[in-house]
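[1] What follows is a predicted structure for the sequence shown.
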Amino acid sequence: MTTRVFTGLKPTGSLQLGNYLGAVRPLLDLAADPGTDVLVCVADLHALTVDHDPALLRARTREMATTLLACGLDPGARLFVQSAVPAHTELSYLLECTATHGEMTRMVQFKEKAAGSDSVRLSLLTYPALMAADILAYDTEVVPVGEDQRQHLELTTALARRFNARYGETFVVPRGSTPPATARLKDLRDPRAKMGKTGSDGAGVLFLLDDPDTAAAKVRRAVTDAEPSLIHDPATRPGVANLATLLGALTGRSAAEALVGLRGSGALKAAVTEAVVGALEPVRRRYADLAADPAEVDRVLRAGRDAAAPVAAATAARARAAMGLLGVG
């Protein structure tokens, strides 16, 4: 018996080192486990909830898929693009017909993204139903989830249970799985802010596709302090603590252990540079090979779509029938 796992990544920016440590590396471990059946979705439909450039979205979708493969994702994990499987949008509407307005407006991410805006797309309000459809379409048993998405998974399980109670057993009710604790990297130029996909115009963000010179320059310009002794103290020495956390994560040590034997920010930055370049360069080289042969990436995405689509279509058919839709085909 295998456990079916589903995860989705939104292509709204280039993957960075924090994404790799917190989401991609645990995903690779799951995909390598023979006891799991993993589906990985590049969730391009979720990028439509805000204003976007169509050409950039297409490019970022391909970049996301290619980067995941470059990181070592086995194509057998069924990697596909969300919009290539029509059942996602059909199930989303059926789940909108199950959810309530109050549930949607209580979503923290909606409140944060809509705050202060005079014009908000309706999809920003309803996209948790699409997220629920993404998960429920595949009889998903386990969803890796961080704290920022836990509320959405709770809504998904609530909708699945409500649908099953009203219309008969249709959906598998998933459970969340919290990935192992990982380093929470901060922006190199602002070590009190989270390392995002675009922060500081990218100046403080270590992207997975940064070349060695670019990565080295970003580490060299990282905010630290002039104290020669090095301790891991995020409250009083956030810059040093951030680099120590990064070094520890890449070398399999705690932040405090990573500082042993180092003196001064120069030595720390040199050690971090070596570790970062060592981690990123294989990914960048593999990405270049894949990008030079886009037909191979397309082949993987088509295979993933062809494997995923029948499962999602069968779930949508069950849901249609359960709700009383005639669906003569």
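    Cool, got the structure. Everything numeric in this text was worked out from a predicted model, so none of it was measured. Numbering: from 1, shown residues only.
[2] mind listing the strands for the stretch 151-300 of the chain?
    Remark: strands of the stretch 151-300 of the chain, listed N- to C-terminal, are 175-177; assignment by DSSP state E, counting those that start in this stretch.
[3] what bits of it have low per-residue confidence?
    Scanning the stretch 151-300 of the chain for pLDDT under 70 picks out 179-182, 197-201.
[4] For it, which segments count as helices?
    Per DSSP state H, counting those that start in this stretch, the stretch 151-300 of the chain carries helices over the ranges 212-220, 238-251, 255-258, 264-291, 294-323.
[5] Show me which positions of the second one end up buried.
    This points to helix 238-251. By neighbour count, and taking 16 or more other CB atoms under 10 Å as the criterion, the buried residues in helix 238-251 are 238-250. Using the backbone N, CA and C atoms, a C-beta is placed for each residue, glycine as well.
[6] show me the contacts for residue 123.
    The neighbours of residue 123, taking CB atoms under 8 Å, 6 or more residues apart in numbering as the test, are 48-49, 130.
[7] Keep only those of those that are in helices.
    In this view, these that belong to helices under DSSP state H are residue 130.
[8] Report the lowest-confidence entry in the contacts of residue 123.
    Within the set of the contacts of residue 123, pLDDT is lowest for residue 49 (90).
[9] Closest one of the contacts of residue 123 to residue 115?
    Using CB to CB, the shortest approach to residue 115 within those belongs to residue 49, at 14.6 Å.
[10] Touching, that closest one and residue 128? I think so.
    No: contact between residue 49 and residue 128 fails when scored by CB atoms under 8 Å: they sit 10.5 Å apart.
[11] neighbour count winner among the two?
    The residue with more neighbours, out of residue 49 and residue 128 and counting by other CB atoms under 10 Å, is residue 128; that gives 26 against 21.
[12] any idea how far the more buried one lies from residue 155?
    To residue 155, residue 128 is 5 Å away according to CB to CB, to the nearest Å.
[13] between those two, what contacts are shared?
    Taking CB under 8 Å, 6+ apart as the contact criterion, the residues that touch both residue 128 and residue 155 are 99, 103, 107.
[14] mind giving me the domain ranges of this protein?
    Segmentation of the chain into domains, based on automatic domain parsing, reads 3-182+294-323, 199-289.
[15] Am I right that residue 6 is in a helix?
    No: Residue 6: not assigned to a helix; according to DSSP: H, G, I helix; E, B strand; the rest coil it is strand.
[16] which residues touch it?
    Residue 6 makes contact with 38-39, 41, 134-135, 138, 140, 142-143, 174, according to CB under 8 Å, 6+ apart.
[17] dump the residue contacts of residue 317.
    Residue 317 neighbours (CB under 8 Å, 6+ apart): residue 327.
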